[in-house]
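A.B. asks: sequence isn't available, so here's the structure alone:
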């Protein structure tokens with residue numbers, strides 16, 4: 001009987017941890033999305049991509065690993081999260097350089113009064 005109660009308690013704790021991680025990730029994404037909408041230029045918008053890739057992605061990955069348990073599927077999840085964490089800064093920097101180069105090529109707009 002105590003094994004059953006321990007199993008239920010651990011299952012509830014595991015489900016609670018998954019819920020907290022998913023809610024935290026969704027909160028980070030929501031805040032980043034609001035900042036993205038309020039930002040005016042493309043380079044500033046790219047800065048709001050960082051929390052989604054550095055905070056939300058690992059939270060979702062950890063929640064999936066906890067939910068799934070240790071195994072081959074969890075290894076695939078960890079590999080995907082690590083690949084995303086390593087490639088996201090490089091891609092963001094490349095996009096920012098491209099946007100900055102395009103802005104430098106455009107003639108300055110002058111308003112006529």
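C.D. replies: That came in fine, so what should we check first? Just so it is clear, the structure is predicted and the values come from calculations on it, not from any experiment.
A.B. asks: any buried residues in the top helix by length along the chain, and which?
C.D. replies: Longest helix in the chain, counting residues (DSSP state H): helix 2-38. Neighbour-count burial for helix 2-38, counted by 16 or more other Cβ atoms under 10 Å, picks out 18, 21-22, 24-25, 28-29, 32. C-beta coordinates here come from the backbone N, C-alpha and C atoms, glycine included.
A.B. asks: what packs against that helix?
C.D. replies: Identification of packing neighbours for helix 2-38 by 3 or more Cβ pairs under 8 Å, 6 or more residues apart in numbering; DSSP states H and E yields helix 49-51, helix 57-68.
A.B. asks: of those, which is nearest residue 91?
C.D. replies: helix 49-51 (9.0 Å; Cβ to Cβ).
A.B. asks: buried stuff in the closest one?
C.D. replies: residue 49.
A.B. asks: what's that helix in contact with?
C.D. replies: For helix 49-51, the surrounding residues in contact (Cβ atoms under 8 Å, 6 or more residues apart in numbering) are 28-29, 31-32, 36, 88-89, 92.
A.B. asks: cool, stretch 93-109 as well?
C.D. replies: Residues from elsewhere that reach stretch 93-109 (Cβ under 8 Å, 6+ apart): 42-43, 46.
A.B. asks: quick one: average pLDDT of that stretch?
C.D. replies: Mean per-residue pLDDT for stretch 93-109: 78.
A.B. asks: pull the distance from it to the chain's centre.
C.D. replies: Mean C-alpha position of stretch 93-109 versus that of the full chain (Cα atoms, centre = their mean, to the nearest Å) differs by 25 Å.
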